[in-house]
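[1] next one to model:
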Amino acid sequence: MKNKLLKRMLLPLAMLLGSFIYAQSVSGVVSDASGPVPGVNIIVKGTSKGAQTDFDGKYSIDGVDANATIVYSFLGYKTQEVAVSGRSTINITLEEDAAQLDEVVVVGYGSTTKKEITSAVTKVSEEEFNRGTINDPAELLQGKVAGLSIYNKGGNPNEDAVIRLRGISTVGSNSSPLIVVDGVIGASLNNVDPNDIADMTVLKDGSAAAIYGSRGSSGVIIVTTKRGKPGTAQVSYNGSVAMATIYNTIDRLDGNQFAAAGGTDLGSRTNWLDLVTRNGISTINNVAISGGFDRTNFRVSTNFRDAQGILDKSGFKQFNTRLQTSTTMLDDKLKIDFNASYTNRDSEFGFNEALRYAILYNPTAPVYGVDSPYPYNADPYGGYFETLGLFDSFNPVSIINQNTNMGSRNEFTYYANLKYSLTDDIQLNTLYSEQASKYTNKEYYKTTSLFRGSATSPTRKGLARLTTGENKFKLFEFYGDYDVDASDKLKLKFTAGYSWQEETYYKYFLSAGDFPNDSLNYLDALEWSQDQINSGQIEINSDRSPEQRIIAFFGRFNATFDDAIYFNASLRREGATKLGENNRWGNFPSFGLGVDLNKYLQLDNVDLLKVRLGYGVTGSLPSEFGLAQSGYGPSGNLLSSVPNRQPNPDLKWEEKAETNLGFEFNAGRLSATLDLYTRKVSDFILGQKIDPADLPPDTIFISDYQIRNSGQLTTKGFELGLNYDIVKRDDFTYNSGIILSSYSTTLDSFDQTTLRGNLGAPGQNDTNVVLVAPGEKIGQIYGAVWTGEVVNGSQVFADVNGDGNTDASQTSQIIGNAIDANGDGVIDGDLTKLGNGIPDFELGWTHALKYKNWDVNALFRGAFGHSLVNNFRVFYEPRVGSQSSYNFVNTKYANPEITNAKFSSLYVEKADFFKLDNISVGYTFDIAENNKYFKDIRLSLSAQNLFTITKYSGADPEPSLVDRGSVDNGNFLEGTTDPLAPGIDRRYNYFSSTTITFGVNVNF
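    Predicted coordinates:
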């Protein structure tokens, strides 16, 4: 009995002693290529024993069996298992999980992995998009892609952002990148709600875009929308409410200051800007249902947007819906994708002119006629006060309240894509798509509106303007892929296909006026226009295009050797009916070569060291139709036609050839990309005056105007992207990235030497400020240099060319005073370069933090080296005696001694800026797995344009990359934008705003 008791006591004691003999303490340091890694999860395999590394990467675990295995795991790194083998100290180095190099990236007519790309391509996922109230999908990418410039100067909700990829690619037609949505080329970005976008890929260089031929000359943005996933149907809701307030405006005098400065005092004290602006409230509601069953998945979304601008009566209401469905059949060999989207937008365009006149209108004038300081009959003006007899002076409140400027747009797109796997190595794709866009714009100016309604005019009171049109686009494409594993190390892929595109449009415009009264909205009763009686008053025109087609055959070859050497080449042969019958076909080749040098160098802690070289040729078509054919217009009596354009059967493509050298580096937490590029664009499609003697002998001469190919420009630039994971822990991550880009464009040859960018009236009608000349950089602002002296109210200008003559006549804004016309090596006048409208470089600096349930995202953005002509200062800063009824701009540069308004270096300002463009803070609630109603809930607070650091005295320092010309005295802003005259901050620009957004995201 005693022996049994002794054994029972000794057995546990022996086991305890054995544990002391065979168990031990293990400690060490966990590092990566950059140093110690805090927060690494460490566990003894098969047990619950474990630890985490501290801030210095150190850890310690007690009671570890000598034969145990320890598992080290951390987000973004490969999990490692290490045998203890009796050791008490184990130091390890984690390896970066390079799975991101195998990430699939969509490119033209297919996809590839990130590491196999040989061209300049950047993919931005939904998690990286800008947050807050984003109404223009392009702005999701703002500041995210090196070389991609996106500017919506002032932030008008009804205007699309100006998008430039590596500068301008043409001087004539559209310079915006091609948009491809789910494989449909030329799709409308306005028909995609930002909430429905999963990721966007930017093809930046010619070798990437050449597969798209003429459509890809300005770069390509590929949009992939969200898709359903197999499983239980999921309902998600995204909603937000936002408030926008004016961030900055134009410094000017208030009523008391204006009266003290000698302005005409009309007795009132009015802040006109307050009366025509508001706090813009915007709401967004998005509901999506997605799911799948068997071999089919789907996603349906509905989006409602109500966006108010800071200007009264500006904004829009939009409804958008999108359907996506995919299914497979025939033993999963056939996959069918179908997408459809519809957008209806009703806009109030408001009147940007109200902002302009809110700045220049007399701040002592009353709003209504009853408050006039002198006898005044306000009835003909709807009860409003007007400063009658003045040029370019209108009551801004009257403009807003009496007139109407609205429009509607409906867009519908659908596509069907069939993909059939003929064998494991051969896939065939067929895509058909149609897009239709209808729009109507309506303007009505009351008979009592002095602004464009003419009010007391004896011949024409009131005005109605109607524009309506429709654009249609059809696309059919067929292509196939053939994959070949030639050996263990060599993999090949062949792609070949056919593309057919057809585009048509029509447009009607009607302008009529002289209505009997304002008892009706005469937009809906045009038959009352008395212009029918007064011959020649009605303006009417219409325009319809024939079926314009593009037909293309394309092929591509990809090769991968040793999983380290990548090569691709493509060729697209394309024909277009927009061109002359002798030159409708063009060839667009490309090639790219990439080598992962690290495969052979085996550098420590390096995942990728790739060098790539690409070359590609793309073309560009004119935006207008029929330019190669002869043109005719109606004669004065409308009974015959008058020729206005000589046909050109030799009209051909504009052509862009681009070479790109790129370097990619990945090592642990750090990734970097550098691209150096050169592009040449030649054979611009431009209208020119011609000499009949230059035409072929048998040509029938009908006009001295012809559309021709001429000119060349060269752009050189670089793009740098850096990204670093500063902290990588399971419960805390912090990533920061920066992009830098710079380019310079020189106009090598051109058909003319001119100064462009007329500043307009009053008094600056002969002032052109941007030089366009062969051999010169694009965007140079030219003018006289102010010495700082003022004599008799006038600026004293510098004698730039040293001829001893500096009077105003020698510095008038004509081309002879900007160049060396006689070739003697001396500029003929005293005009000189005052700045450039294009930035020297641009940057975007992102920050992304996650701590447990919290997330913070911030984007700082800047542009440096560009200048702006501050037009408000040019016209209203000089204290001109004859303009005492207009307000004075009152910036830090104002000099009360200057009483004569003349453009000079005084009004050209450096517009460098650095801003906190976007910041958001979000919190995701923990939801129990067994919750029947919610899967996750996230709340967020975002701010856009929170602060800007700049010395520019205008309302918005962002570059003005294009110019729409001048407009004054209530006239209409007509015509197309001019990409050769950047750098002019016009008086009709919208004012910038700060937007605060509260959002909620719920998945049910």
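[2] low-confidence stretches in the stretch 751-900 of the chain?
    Residue ranges of the stretch 751-900 of the chain with pLDDT under 70: 807-810.
[3] which pLDDT value goes with the residue positioned nearest the centre of the chain?
    Centroid-nearest residue in the chain: residue 150, 3.3 Å away (criterion: CA atoms, centre = their mean). Looking at residue 150, its pLDDT stands at 91.
[4] quick one: the helices in the protein?
    2-22, 206-209, 255-260, 272-276, 352-360, 396-402, 450-453, 598-601, 871-876 (DSSP state H).
[5] quick check: mean pLDDT of the second one?
    Looking back up the chat, that one is helix 206-209. Averaged across helix 206-209, the pLDDT comes to 90.
[6] now do the fifth one
    Looking at helix 352-360 alone, the average pLDDT works out to 95.
[7] and that helix, what does it pack onto?
    On a contact count with 3 or more CB pairs under 8 Å, 6 or more residues apart in numbering; DSSP states H and E, helix 352-360 meets helix 272-276, helix 396-402, helix 871-876. The way it works is simple: take the backbone N, C-alpha and C, and place the C-beta from them, glycine included.
[8] kindly state the beta-bridge partners for residue 656.
    residue 618, residue 681 (DSSP bridges).
[9] distance of it from residue 216?
    Distance of residue 656 to residue 216, computed by CB to CB, to the nearest Å: 9 Å.
[10] find the residues that touch each one of the two.
    Both residue 656 and residue 216 are contacted by residue 618, under the criterion CB atoms under 8 Å, 6 or more residues apart in numbering.
[11] am I right that residue 607 is in contact with residue 664?
    No - if you go by CB atoms under 8 Å, residue 607 and residue 664 don't touch, sitting 10.2 Å apart.
[12] next, the buried residues of stretch 574-583.
    Within stretch 574-583, the residues that count as buried by 16 or more other CB atoms under 10 Å are 574-580, 583.
[13] stretch 354-370 now?
    For stretch 354-370, by 16+ other CB under 10 Å, it's 354-369.
[14] just stretch 488-499 next, same as before
    491-493, 495-497, 499.
[15] contacts for that stretch, please.
    Identification of contacts with stretch 488-499 by CB under 8 Å, 6+ apart yields 109-110, 185, 429, 475-486, 550-563.
[16] among those residues, which are in strands?
    With DSSP state E as the criterion, strands contain 110, 185, 429, 475-485, 550-561 from among the contacts of stretch 488-499.
[17] out of the residues you listed, which end up buried?
    By neighbour count, with 16+ other CB under 10 Å, those hold 110, 185, 429, 475, 477, 479, 481, 550-552, 554, 556, 558-560 as buried.
[18] sorry, back to before: tell me who's in contact with the residue nearest to the centre of the chain.
    Residue 150 makes contact with 138-139, 141-143, 161-163, according to CB under 8 Å, 6+ apart.
[19] what does residue 249 give?
    Residue 249 makes contact with 273, 359, 955, 991, according to CB under 8 Å, 6+ apart.
[20] try 7 Å this time
    Residues near residue 249 by CB atoms under 7 Å, 6 or more residues apart in numbering: 273, 955, 991.
[21] next: residue 580.
    Residues counted as contacts of residue 580 (CB under 7 Å, 6+ apart) are 628, 648-652.
[22] please consider this matter closed, and thank you.
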